[in-house]
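what's the 3D shape of this:
(chains A and B)
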2 protein chains.
Amino acid sequence: MKKIIASLIAIIVLIASANISFAQTQQEKINKEIDNNQFELVNEFTTLLSIPNVAANPAGLKDNAHWIMQYMQSKGIQNTSLLSLDKTNVPPVVYGEVNVPGAKETIIFYAHYDGQPVDSTKWYKGVHPFRPSLYTSSIDQGGVITAWAEKGTSYDPNARIYARGASDDKAGVMAIINGYATLKKLGIAPSVNIKFFFEGEEEAGSPNLEQILNKYQSTLSSDLWIICDGPVHQSSKKQLVMGVRGDTHLELTVFGPKRPLHSGHYGNWVLNPAMELARLLASMKNEKGEITIKGFYDDVTPLIAAEKEALSKVPAVEEQLKNELGIKATERTGALNDALQLPSLNVNGIQSAGVGKNSANVIPTKAIASIDLRLVKGNDWKRQQDKVIDHIKAQGFFVTDKEPTDEQRKQYEKICMVVASDGYNAQKTSMDNVYVKRISKAIQSASSEYPVLLPTLGGSLPLYVFEKTLNASPITVPIANHDNNQHAENENIKLKNFFDGIKMFAAIMTMSK
Amino acid sequence: MKKIIASLIAIIVLIASANISFAQTQQEKINKEIDNNQFELVNEFTTLLSIPNVAANPAGLKDNAHWIMQYMQSKGIQNTSLLSLDKTNVPPVVYGEVNVPGAKETIIFYAHYDGQPVDSTKWYKGVHPFRPSLYTSSIDQGGVITAWAEKGTSYDPNARIYARGASDDKAGVMAIINGYATLKKLGIAPSVNIKFFFEGEEEAGSPNLEQILNKYQSTLSSDLWIICDGPVHQSSKKQLVMGVRGDTHLELTVFGPKRPLHSGHYGNWVLNPAMELARLLASMKNEKGEITIKGFYDDVTPLIAAEKEALSKVPAVEEQLKNELGIKATERTGALNDALQLPSLNVNGIQSAGVGKNSANVIPTKAIASIDLRLVKGNDWKRQQDKVIDHIKAQGFFVTDKEPTDEQRKQYEKICMVVASDGYNAQKTSMDNVYVKRISKAIQSASSEYPVLLPTLGGSLPLYVFEKTLNASPITVPIANHDNNQHAENENIKLKNFFDGIKMFAAIMTMSK
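Down below sits the predicted model:
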């Protein structure tokens, strides 16, 4: 009897392993094809990276859209078009489809082709945001410039391409298109119908996304949106992200005397706006990193058990990060991902008169702070802004949204101009979503690692719009290395992440039930 | 008997009034001559103002010195020379003498020809720091550009010349030279021997003044130094100033992560250096404007009775100033001049990442504050700096004077780089100085107003050097309007102040015992 059971087990194991080995074989074929095409893939990627993609240059954004559409057509993607509104200067969405005979599900893949503004003077010497260059590794860690590969040869996976959009998010656009292109080339049919949706206004806060989704509602019908944006986990593991924090901004200007004053003749009789701003900012957070603005954490929806469990499984990267970033202490003690489950207030920049060579013996006329608020499920961006404004008032400031008039200057002891930008709320897809396991397995088949599962990304994407307009529950699958300098100077992508991303999307497009 | 007494009194009054009327007649003659020469005086003044006088342009400073020396020669001043050191690029002192037969006293007049750095882009549209222009009044108060006077006509006394150095301190140079030149032209002999001393490094902190005073000690021997720099009282009254505050600077840089981080993915886990700097600055001063740094006020020499009395007589200008500056509250309650009797800490500028159009969703890598410390009698500039540094340490910072190393980043939770500039101490001349009354009377004779007597100016001049090297007790006699935008963009001088200044120096040069 024992022998029979043992034999049965052996047979089951054999069948199971045969199944696995069949699946691995197909993905191995895909992976090999991608590895063999490194020269062409990088060539085409850097061609796209050379087209300026900042909001300040609408013509450049259009050039990007046209290039991407033609590229999709060259890869056999059908029904390509530019989705636009009856407005000028709205960068179009680049759209395309692959209809698979017999497929019962439709997955739509999202990425964006626009990038954050650039200040070329801040980039490393010799590195230009729109003239992609290749470095042996991260320049921060001693990487040096190196030549592009020759046709037929492959790249060092640690090499990095430096350019605006290299990670955020032209890599996403190229990984999605080439995930499909690889299948097409190998004659492998996707297991799902595919739609492509590449936005051109994400870094500007996607002001027209809602209108576009509404206008093209039927075109965009699908069973799942997969968002490719943001970085993989700091442990280098792939990750599946169920949500994003919301985001909004405030710019605070504290006013001092109408003209710059000699700091000797008037200090410290005249109030110094830089000191007043410092005091105001300091009043917003305590030494433990807790925001002390009344009600700041009040609306937060508590985490559910499945989210807590997922968080407990996130690999610890805190010590690695501290080392990498050259910091000993953190603002909040505990794990990074625990901190990201809370709404935040962060100073993006401050400025008053000049420092260094530009400093003079003056009492400045004003002091400015740019702050961003990240929001979690339960927060409303407008309500969160109001809490900050109420706090400023509670510190004795008269709050205005314009430069103060002479009358206001006479009336109020402290004046703060608050310019509130638009914002959007957080979004979260349920941990029970049926696609979580299927995508995770597909990712595992492409990279032999089961991905990290995150309840939310720290960063923001306007995913609430998909929920609101299409009742969709998007899942985010990022590909960029975490140290990609996203949003700052010297943006880059590690080539391993770029190639792995293509493999991953090919795997998702062929995933089984 | 009564009649005799009455007659005697009448005679005495007659003699006294004759004396006064004789003195007034001479000063009236001087004043008239100056008023008649407005065209030439402004012409020559603006020629000097057209020569760039910033430290970054040593050749420009030399041109200024040469022009001034030739100008002095053309006005009949003797023994002119350039006092210099055996160093390159030290702007020379322009020196000259007028030796008066029979005069028993020697007064040396100080002014400086160098100006604060300029950023032309910050000046009003159409106003250039080195192309002097004339406005009907203060541009801030609606003044508009107007043409220069024609020969033989006079100027509106409220008109203002806009240019770097217009007030600080080429007006001083020109007023002193032309005070003498007017006497010379009218054939009036000064009552004292005169020496002229025009420095070219005051705005750079007079780093070579001590050496020059030592080297030329015998040439510079005198009974009194009169310093012409700074503004008259805000009430527009002339003033006599017995001292100046000392001055020194610190630049603080608080460090965050080594690379700019995405504020979503890392806020608020990573410490934000802008927030840390805000907290640090806020810890230095309380809501009452009192500096909370340990021992900050400890070394202050208390005011003597004569100083307190002088302060009690200073005209109240607080409400006028608040109105003019568009402020309701002040940092310290009470009188401006009471605040200036204390050491101060003032934020000159702060900067971290960008604001406005330059803001991005980042956690900045560092945050910088430039602060200046004004010092009063009793303070030592080095000791005062140390108190600030000790305070920073007490807030938990590791203090370094260089960018932190990776090892230091690993070792310390909070790091602040402190770059301490050189500085100098306050100086005060005794209220009992014999010249106080004589100069005050001379000023009264020139402008029919008794000047305000100030124990100290809020601003700083390196007057301690005169005390240290020559055992001299300088007295400061400023001429510029208080709202001259000294040290900032749009520096200007009111023409009334310029002409009054010339009259005043002519009066001092002919003052009686």
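
next secondary structure element downstream of the lowest-mean-pLDDT helix or strand in chain A?
When each helix and strand of chain A is scored by mean pLDDT, DSSP states H and E, helix A:2-36 comes last, with a mean of 67. Scanning forward in sequence from helix A:2-36 by DSSP states H and E, the next helix or strand is helix A:38-49.

buried sites along that next one?
A:38, A:39, A:41, A:42, A:44, A:45, A:46, A:48, A:49 (16 or more other Cβ atoms under 10 Å in any protein chain shown). Using the backbone N, CA and C atoms, a C-beta is placed for each residue, glycine as well.

would you mind writing the CA trace of it as PDB?
Only the C-alpha atoms of helix A:38-49 are listed here, as PDB (Å, rounded to 0.1, in the frame of the first residue of the first chain):
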ATOM      1  CA  GLN A  38      19.000  43.900 -26.300                       C
ATOM      2  CA  PHE A  39      20.700  46.000 -29.000                       C
ATOM      3  CA  GLU A  40      17.400  46.800 -30.800                       C
ATOM      4  CA  LEU A  41      15.400  47.300 -27.700                       C
ATOM      5  CA  VAL A  42      17.900  49.800 -26.200                       C
ATOM      6  CA  ASN A  43      18.200  51.500 -29.600                       C
ATOM      7  CA  GLU A  44      14.400  52.000 -29.900                       C
ATOM      8  CA  PHE A  45      14.100  53.000 -26.200                       C
ATOM      9  CA  THR A  46      16.800  55.700 -26.500                       C
ATOM     10  CA  THR A  47      15.200  57.000 -29.700                       C
ATOM     11  CA  LEU A  48      12.000  57.700 -27.700                       C
ATOM     12  CA  LEU A  49      14.000  59.100 -24.700                       C
END
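
residues contacting that helix, please?
Here helix A:38-49 makes contact (Cβ atoms under 8 Å, 6 or more residues apart in numbering or on different chains) with A:34, A:64, A:67-68, A:71, A:113, A:130, A:132, A:148-155, A:161, A:163-166, A:170-171, A:173-174, A:178, A:495, A:498-499, A:502.

can you check stretch A:446-453 too?
Under Cβ under 8 Å, 6+ apart, the answer for stretch A:446-453 is A:27, A:30-31, A:233, A:235, A:237-240, A:242, A:310, A:313-315, A:431, A:436, A:440, A:443-444, A:500, A:503-504, A:506-507.

cool, and stretch A:122-134?
With contacts defined as Cβ under 8 Å, 6+ apart, stretch A:122-134 is touched by A:46, A:49-52, A:118, A:120, A:139, A:145-148, A:159-164, A:166, A:489-491.

now intersect these with the strands, please.
If you go by DSSP state E, the contacts of stretch A:122-134 have A:160, A:161, A:162 in strands.

which of those residues has the most neighbours?
The residue in these with the most neighbours, by other Cβ atoms under 10 Å in any protein chain shown, is residue A:160 (30 neighbours).

including distance to residue A:255, could the ones in strands among the contacts of stretch A:122-134 go into JSON lines?
Below are these laid out as JSON lines (distance: Cβ to Cβ, whole Å):
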{"residue": "A:160", "distance to residue A:255": "45"}
{"residue": "A:161", "distance to residue A:255": "45"}
{"residue": "A:162", "distance to residue A:255": "41"}
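
ok, and of the residues you listed, which contact chain B?
Contacts with chain B are made by none of the ones in strands among the contacts of stretch A:122-134, judged by Cβ under 8 Å from any Cβ of the partner chain.

including pLDDT, could those residues go into CSV?
Below are these laid out as CSV (pLDDT from 0 to 100):
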residue, pLDDT
A:160, 98
A:161, 98
A:162, 98
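
for the residues you listed, which one is nearest residue B:90?
Minimum distance to residue B:90 across those is 46.0 Å, recorded for residue A:162 (Cβ to Cβ).

so the closest one sits against residue A:137, correct?
No. Contact criterion Cβ atoms under 8 Å: residue A:162 and residue A:137 do not qualify, at 11.4 Å.

residue B:276 versus the nearest residue to residue A:328 once chain neighbours are set aside, what's the distance?
Excluding its sequence neighbours, the residue lying closest to residue A:328 (Cβ to Cβ, 6 or more residues apart in numbering or on different chains) is residue B:413, at 4.8 Å. Taking Cβ to Cβ, to the nearest Å as the measure, residue B:413 and residue B:276 are separated by 10 Å.

between those two, which contacts overlap?
Counting by Cβ under 8 Å, 6+ apart, nothing touches both residue B:413 and residue B:276.

which one's more surrounded, the two?
residue B:276 (27 against 13).

before we move on, what SS does the more buried one have?
helix (DSSP: H, G, I helix; E, B strand; the rest coil).

for stretch A:221-229, which positions count as buried?
For stretch A:221-229, the neighbour count (16+ other Cβ under 10 Å) marks A:222, A:224, A:225, A:226, A:227, A:228, A:229 as buried.

which of those residues fall within strands?
Using DSSP E, the buried residues of stretch A:221-229 in strands are A:224, A:225, A:226, A:227.

so which residues on the stretch 401-513 of chain A come close to chain B?
Checking the stretch 401-513 of chain A against chain B by Cβ under 8 Å from any Cβ, the hits are A:404, A:406, A:409-414, A:457-460, A:482-483, A:485-490.

mind checking which of those residues are buried?
A:404, A:409, A:412, A:414, A:457-460, A:482-483, A:485-490.

which residue does the stretch 401-513 of chain A bring closest to chain B?
Chain B sits closest to residue A:459 of the stretch 401-513 of chain A, with a gap of 3.2 Å, by Cβ to the nearest Cβ.

so that residue, which state does it fall into?
coil.

residue A:134 now?
Here residue A:134 is strand, with the state taken from three-state DSSP.

for it, the count of nearby residues, please.
21.

so how far is residue A:501 from it?
From residue A:134 across to residue A:501, the span is 18 Å (Cβ to Cβ).

how about the residue positioned nearest the centre of chain A: what's its closest non-neighbour residue?
The C-alpha lying nearest the average C-alpha coordinate of chain A belongs to residue A:230 (Cα atoms, centre = their mean; 3.4 Å). Using Cβ to Cβ, 6+ apart and skipping the chain neighbours, the partner closest in space to residue A:230 is residue A:478 (4.1 Å).

run a quick neighbour tally on that neighbour.
Counted with other Cβ under 10 Å, residue A:478 comes out at 29.

and it, what is it in contact with?
Neighbour list for residue A:478: A:228, A:229, A:230, A:231, A:232, A:239, A:241, A:457 [criterion: Cβ under 8 Å, 6+ apart].

how is chain A partitioned into domains?
A:14-244+A:427-509, A:247-300+A:342-424 (automatic domain parsing).

tell me the average confidence for the shortest one?
Just to be clear, that refers to domain A:247-300+A:342-424. Domain A:247-300+A:342-424 shows a mean pLDDT of 96.
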